[in-house]
Structure formats: C-alpha cells, structure tokens
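fold the following, please.
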Amino acid sequence: MGLFSGRAKSARAYPAAGTTVTGPVGRFLRSKTTGARAAGRAAQSWEDADRANERQRRGPYAN
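Prediction:
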C-alpha cells in the first residue's frame, strides 16, 4: 500500500504564484533558492578577489 508510506510529506505554499507544492520534506530542505545561489556566487568571487589581493600584497613566498 503506497498510500501510507513511511516517508514524511510536506507542503510549501507560494502565495505570489497562488499555488502549493507537496512533496518529500528533504526536497525543500536541500534546495537553494535563486537568491541564495546568487549570494553564494557573489561571496565566492569576493573571497577569490580578496585572496588574490592578499597574495599580491604579501608576495608569493610570504607566510
């Protein structure tokens, strides 16, 4: 009987779109929003630029 399986289900409402999405709980916890992905890319590029600047300032053989 697949109707009462042991997997937890959850529903997430999207009021702006006027819909509700139902599915496994992990799907909502694992997924990143578009804004979170953009913020992660921005943070990573800032870190890369900061490291490059630090290497340039201190020299390649500095501790």
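
ok, longest helix in this structure?
If each helix of the chain is counted by residues according to DSSP state H, the longest one is helix 34-58.

what's that one in contact with?
By C-beta atoms under 8 Å, 6 or more residues apart in numbering, the residues outside helix 34-58 that reach it are K32. C-beta: built from backbone N, CA, C; applies to glycine.

the helix or strand harbouring G23: partners in the sheet, and parallel or antiparallel?
With elements delineated by DSSP states H and E, G23 resides in strand 19-24, which encompasses its position. Neighbouring strands of strand 19-24 in its sheet, by DSSP bridges, are strand 9-14 (antiparallel).

so which bits of the strand it pairs with are buried?
By neighbour count, with 16 or more other C-beta atoms under 10 Å as the criterion, strand 9-14 contains no buried position.

average model confidence for that strand?
Confidence over strand 9-14, taken as the mean pLDDT, stands at 74.

what's the answer for stretch 17-36, then?
The pLDDT scores in stretch 17-36 average 74.

quote the end-to-end distance of that stretch.
Distances were taken as C-alpha to C-alpha, to the nearest Å; on that basis the terminal residues of stretch 17-36 are 20 Å apart.

what does stretch 24-37 give?
Taking C-alpha to C-alpha as the measure, stretch 24-37 stretches 22 Å from start to finish.

what of stretch 18-32?
According to C-alpha to C-alpha, stretch 18-32 extends 21 Å from its N-terminal end residue to its C-terminal end residue.

could you give the bridge partners of A13?
Beta bridges link A13 to T20 when assigned by DSSP bridges.

so it touches T20, yeah?
Yes - A contact is recorded between A13 and T20 when judged using C-beta atoms under 8 Å, the distance being 4.8 Å.

could you measure from K9 over to V21?
With the distance defined as C-beta to C-beta, to the nearest Å, K9 ends up 11 Å from V21.

now A43
A43 sits 28 Å away from V21, taking C-beta to C-beta as the criterion.

same check on R12?
Between R12 and V21 the distance is 5 Å, computed by C-beta to C-beta.

apart from its chain neighbours, what residue comes closest to K32?
Excluding the flanking residues, the one nearest K32 by C-beta to C-beta, 6 or more residues apart in numbering is G40, at 7.5 Å.
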